[in-house]
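**Student:** I would like the atomic coordinates for the input below:
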Amino acid sequence: MKMHKKIVSHTVFIEERPVHYQLVDTQPEGQETPREAIVLVHGLSASSYWWTRNIAPLAQHYRLYLIDLPGFGSMRQDRRYFQLTKTASWLLQWMEKVELSRAHFIGHSMGGFICAELAARRPDVVGKLVLVAPAFMPPERQMRHYLLPLCLGITHTSPAFWPILTYDAMRTGPLTLLNAARQLMAQDNYEHISTLSMPTLLVWGKHDTLVPAELGQLLIKEIPQAQLVVLARAGHVCMFEQAPLFNKHVLNFLGIPSMRN
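**Tutor:** The predicted model follows:
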């Protein structure tokens, strides 16, 4: 079957400010019905580049939307507008602008937290939910408690990922990183967990020092339709470090039979 591969950059406007995103579509020739959509939401100090090893396998079966959050990646010029409490609403506005009425969501770290909030507030627009090491932090934990785990996390990250990590850290900048981290830790992180009504896949790296995999065992008891996968040879950025295995589990969860990705 011949495929048309399209990776196209787009811009829409939300509250008169430009929002950049990418659409990846590999529509089979002759197929008129649009494929189901997946929205990929990155984490703290990250960008859409963090999904580099997941795009091709997922795009074989779904339309992919990759969006950078305000203050990060291609949206770094909007760093002063980042407000964690408004980001889920911002994503919902973006969905309306691009005429996306329903999608599966995959969120990593802070992006997982945001996707969970969006899904709890508007379950009608979410098909299935994949939370990758979602940043549900204990409220008593302080900023200084993350410095050592953050440094240790780099040692469990593939050297191939370091250029992406460095580039996005430079684009984000320390002030934006600290501001976003403080906002994240100030939230009542568990407020929406038990209200998630859609099938949810939790994915963790066993060696995640930033958001420990043990948290997955707690969340699976709180989310009604949750299942947990722990990738043995991965850390916090498990979708990059163990991409083939990650892609396999996600596709199986979404309903695509097991295959070599």
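**Student:** give the closest residue to residue 238 in space, chain neighbours not counted.
**Tutor:** In this structure, residue 238 finds its nearest non-sequential neighbour in residue 205, 3.6 Å apart by CB to CB, 6 or more residues apart in numbering. Every C-beta, even on glycine, is put in place using the N, C-alpha and C of the backbone.
**Student:** distance of the one you found from residue 230?
**Tutor:** 8 Å (CB to CB, to the nearest Å).
**Student:** same deal with residue 6?
**Tutor:** As judged by CB to CB, residue 6 and residue 230 stand 35 Å apart.
**Student:** next one: residue 15
**Tutor:** 40 Å.
**Student:** repeat for residue 209
**Tutor:** 14 Å.
**Student:** quick one: which of these two has more around it?
**Tutor:** residue 209 (19 against 16; other CB atoms under 10 Å).
**Student:** three-state assignment of that one?
**Tutor:** coil (DSSP: H, G, I helix; E, B strand; the rest coil).
**Student:** ok, it to residue 159 distance?
**Tutor:** 17 Å.
**Student:** with residue 59 instead?
**Tutor:** 26 Å.
**Student:** please say which of the two ends up with more neighbours.
**Tutor:** residue 59 (20 against 7).
**Student:** buried residues in stretch 44-61?
**Tutor:** 44-51, 53-55, 57-61 (16 or more other CB atoms under 10 Å).
**Student:** ok, now stretch 21-31?
**Tutor:** Using 16+ other CB under 10 Å as the burial criterion, the residues of stretch 21-31 that qualify are 21, 22, 23, 24, 25, 26, 27.
**Student:** what is the burial count for residue 215?
**Tutor:** Neighbours of residue 215 (other CB under 10 Å): 18.
**Student:** now the closest residue to it other than its chain neighbours: how far from residue 59?
**Tutor:** With sequence-adjacent residues excluded and distances taken as CB to CB, 6+ apart, residue 215 is closest to residue 136, at 6.4 Å. Residue 136 is 29 Å from residue 59, where distance means CB to CB.
**Student:** again, but for residue 191
**Tutor:** Residue 191 is 33 Å from residue 59, by CB to CB.
**Student:** sec struct for residue 99, please.
**Tutor:** coil.
**Student:** list the contacts for it?
**Tutor:** Applying CB atoms under 8 Å, 6 or more residues apart in numbering, we find residue 99 in contact with no residue.
**Student:** pLDDT wise, what is it at?
**Tutor:** Looking at residue 99, its pLDDT is 96.
**Student:** any chance you could map the strands in the stretch 101-250 of the chain?
**Tutor:** Along the stretch 101-250 of the chain, the stretches classed as strands by DSSP state E, counting those that start in this stretch are 103-108, 126-132, 200-205, 226-231.
**Student:** what is the lowest-pLDDT residue among the buried residues of stretch 44-61?
**Tutor:** residue 45 (84).
**Student:** burial measure for the closest residue to that residue other than its chain neighbours, as a count.
**Tutor:** Distances taken as CB to CB, 6+ apart place residue 172 nearest to residue 45, at 4.6 Å, with adjacent residues excluded. Residue 172 has 21 neighbours, counted by other CB under 10 Å.
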